[in-house]
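test case, fold it:
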Amino acid sequence: MRAAYLVSFLWLTVLSDPAPRAGEAPLPRRAESRDERYEGVRVSYETVRAGDGARLRLILTRPAASGPWALVFVTGWLSCDSVEAPPGSDDAPQRVFQALARLPGFMTARLDKPGVGDSEGDCAQTDFNSELEDYRRAFRQVTADAHVDPRRIFLFGLSNGAGFAPLVPQGTAVRGYVVIGGWLKTWYEHMLELERRRLVLAGHASAEINPLMQQVAALYSAYLLEGESPAHLFARQPALQALWEGAPTQQYGRPVAYYQQLQALNLLSAWSQVRVPLLALHGEFDWIMSRADLETMAALVNANVPGSAEFVELPATGHTFEHYSSAAQAFRGSADAFDPALARRVTDWLQRQP
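Numbering: from 1, shown residues only. Here you go, the predicted structure:
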């Protein structure tokens, strides 16, 4: 009776975790959590087992109407921030997630990293190879759902996840990709480009930039190309530590091994094999990732299937859909109110795909 009521009136509900394994307690929600709620959409907080046995939170949204449904699987950013999109969120990516959850006929899947949100584990100690395997496990679990339309599976990559998105399906056919703020070159080249932009935006005099970049190149050559630990490098060349933030064992909240594993990736090769539609987005004021990488992604896909990829430079936009009026404002991170047109750019593209 209750299920029929929900379907008939498109009521909103939050489903509990699916039945746990025998003898296993379900992964609990945090006491302070706010569950997502959308009219005509079912939200469930499910569990994926990481390779080390930790339970990770998988957030699914499904139309209340019966399937089959198209699927949007999210590959997220580098940082240890949750992909939850609770009511009232002002964060730009979360506003886009909410728009996707409301999209008729579409199911969405988002995975929280170890130690993030409800997930067990420690994001600060998780390397990239482990993280990639977690995404692959979640992808296999979600795409096995009988209500997912296997002809309409999309990946939505943001930031770091926009670069490695093609590594997730492992042979499963996908219908297309939407990415924003991704990367394609080696991580070493990415960091050199990022650091040059950072030095400029931080206000260094023009005459200082190239000498500082010589030091940046020395740091990242040893760290990424030679595989030297930053702690050992700083003991040899103490002056380079001024270019580093935080402890020598961490960078941007992730372990050193994470970035050395990113350096080993060949994303140019991965994207050169994509033969399905692509929407590649780059913010005008994205100082973190390079526009040329997104343009190259689109060019690679178009070389395989002419006209199937589209590159779009989003005006007055930052790294992942934030709205800014200038590059300086984007560098400070003080965003203006979210522009819903940015979410529509994604949802409209998805709806146009057959």
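
which one is residue 209 nearest to, not counting chain neighbours?
Spatial nearest neighbour of residue 209, excluding adjacent residues (CB to CB, 6 or more residues apart in numbering): residue 199 at 5.4 Å. Quick note: C-beta positions are derived from backbone N, CA and C, even for glycine.

the one you found: neighbour count?
Other residues near residue 199 number 18, with proximity taken as other CB atoms under 10 Å.

roughly how far apart are the residue positioned nearest the centre of the chain and residue 97?
Averaging the C-alpha coordinates of the chain gives a centre point, and the residue nearest to it by CA atoms, centre = their mean is residue 76 (1.8 Å). In this structure, residue 76 lies at 10 Å from residue 97, with CB to CB, to the nearest Å as the measure.

pull up the overlap in contacts between those two.
Where contact means CB atoms under 8 Å, 6 or more residues apart in numbering, the residues bridging residue 76 and residue 97 through contact with each are 83, 110.

who's in contact with residue 244?
Residue 244 makes contact with 219, 230, 234, 251 under the criterion CB under 8 Å, 6+ apart.

tell me which two of these sit farthest apart.
For those, the maximum inter-member distance is 12.7 Å, found between 234 and 251 (CB to CB).

and the helices in this structure?
Using DSSP state H, the helices assigned to the chain run over residues 2-9, 92-101, 128-143, 160-164, 187-201, 206-220, 230-236, 256-263, 267-272, 291-304, 327-332, 340-352.

pick the most buried one from those helices.
Mean neighbour count (mean count of other CB atoms under 10 Å) peaks for helix 160-164 among the helices of the chain, with a mean of 25.

what's the average pLDDT for that helix?
Along helix 160-164, the predicted local confidence has a mean pLDDT of 98.

what do you get for stretch 187-205?
Averaged across stretch 187-205, the pLDDT comes to 97.

ok, now stretch 301-321?
Stretch 301-321 carries an average pLDDT of 98.

so how far is that stretch from its chain's centroid?
Here stretch 301-321 is found 16 Å from its chain centre; the criterion is CA atoms, centre = their mean, to the nearest Å.

low-confidence bits of the stretch 1-150 of the chain, can you list those?
Screening the stretch 1-150 of the chain residue by residue with the criterion pLDDT under 70, one finds the ranges 1-25.

how about the strands of it, start to end?
According to DSSP state E, counting those that start in this stretch, the stretch 1-150 of the chain carries its strands in the segments 13-15, 41-49, 55-63, 69-75, 106-111, 148-158.

what's the end-to-end length of stretch 231-240?
With CA to CA, to the nearest Å as the measure, the ends of stretch 231-240 fall 11 Å from one another.

what's it in contact with?
The set of residues that contact stretch 231-240 without belonging to it, under CB under 8 Å, 6+ apart, is 215, 218-219, 222-223, 241, 244, 248-249.

distance between that stretch and the chain's centre?
Using CA atoms, centre = their mean, we find the averaged C-alpha position of stretch 231-240 to lie 32 Å away from the chain's own average C-alpha position.

mean confidence for that stretch?
Computed over stretch 231-240, the mean pLDDT rounds to 96.

can you pull the contacts of the closest residue to residue 142 other than its chain neighbours?
Counting by CB to CB, 6+ apart, residue 142 lies nearest to residue 109, which is 4.6 Å off, once chain neighbours are set aside. Applying CB under 8 Å, 6+ apart, we find residue 109 in contact with 58-60, 71-74, 138-139, 142.

show me the beta-bridge partners of residue 109.
With DSSP bridges applied, residue 109 shows beta-bridge pairing to residue 60, residue 73.

quick one: it from residue 245, how far?
As defined by CB to CB, residue 109 lies at a distance of 33 Å from residue 245.

still on that earlier bit, residue contacts, the residue nearest to the centre of the chain?
By CB under 8 Å, 6+ apart, the contact list for residue 76 reads 83, 110-111, 113, 158-161.

again, 10 Å this time
82-83, 93, 110-113, 116, 131, 135, 156-162, 320 (CB atoms under 10 Å, 6 or more residues apart in numbering).

same question, residue 134
Applying CB under 10 Å, 6+ apart, the residues near residue 134 are 48-52, 54, 56, 58, 111-114, 119, 121, 126.

residue 252 now?
For residue 252, the contacting residues are 78-80, 245-246, 258-259, by CB under 10 Å, 6+ apart.

filter these to the buried ones?
Judged by neighbour count, with 16 or more other CB atoms under 10 Å as the criterion, the buried members of the contacts of residue 252 are 78, 80, 258-259.

tell me which two in those are the farthest apart.
The most widely separated members of the buried ones among the contacts of residue 252 are 80 and 259, with 14.4 Å between them, by CB to CB.

burial of residue 32, as a residue count?
Taking other CB under 10 Å as the criterion, the count of residues near residue 32 is 5.

distance of it relative to residue 120?
Look at residue 32 and residue 120: by CB to CB, they are 17 Å apart.

do the same with residue 290
Counting by CB to CB, the gap from residue 290 to residue 120 is 35 Å.

same check, this time on residue 153
Taken as CB to CB, the spacing of residue 153 relative to residue 120 amounts to 27 Å.

between those two, which one's more packed in?
For residue 153 versus residue 120, neighbours defined as other CB under 10 Å are more numerous around residue 153 (22 against 17).

you'd agree that one is up against residue 169?
Yes. Checked against CB atoms under 10 Å, the pair residue 153 and residue 169 is within contact range at 7.8 Å.
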